[in-house]
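A.B. asks: kindly return the folded structure for what I paste below:
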Amino acid sequence: MKQGQEETKFVKEPEEPTRDYIFQKNQKTKTGTFIMIGFLVLLVIGIIISAIYFGSPEA
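C.D. replies: Numbers count the residues shown, from 1 in each chain. This is a model prediction of the structure:
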């Protein structure tokens with residue numbers, strides 16, 4: 001059984017009709033991206049703070 005050729009693009013422009021995209025240029029995608037970036041920044045800051053606070057004990 002043969003399948004048709006699939007081409008998944010990364011970002012969908014609003015005027016393109018197809019659905020084979022990872023991200024779309026709409027408000028949901030932008031909001032989700034900002035939430036994920038914010039979460040990752042908080043995670044990195046938390047790791048840095050915990051490394052400073054619980055750093056290796058000085059002998």
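A.B. asks: and the gap between Asn26 and Phe39?
C.D. replies: 20 Å (Cβ to Cβ, to the nearest Å). Just so you know, the C-beta spots here come from the backbone N, C-alpha and C atoms, and that holds for glycine as well.
A.B. asks: Gln27 too?
C.D. replies: In terms of Cβ to Cβ, Gln27 sits 19 Å off from Phe39.
A.B. asks: low-confidence ranges, the chain, go.
C.D. replies: 1-23, 56-59 (pLDDT under 70).
A.B. asks: could you redo the last one with a cut-off of 50?
C.D. replies: Low-confidence segments of the chain (pLDDT under 50): 59.
A.B. asks: that one: helices as residue ranges?
C.D. replies: 27-53 (DSSP state H).
A.B. asks: how many neighbours does Val44 have?
C.D. replies: Residues near Val44, counting by other Cβ atoms under 10 Å, number 10.
A.B. asks: repeat that for Thr29.
C.D. replies: Thr29 has 15 neighbouring residues, counting by other Cβ under 10 Å.
A.B. asks: for burial, what's the neighbour tally of Ile45?
C.D. replies: So Ile45, with other Cβ under 10 Å, has 10 neighbours.
A.B. asks: any idea how far it lies from Thr33?
C.D. replies: 19 Å.
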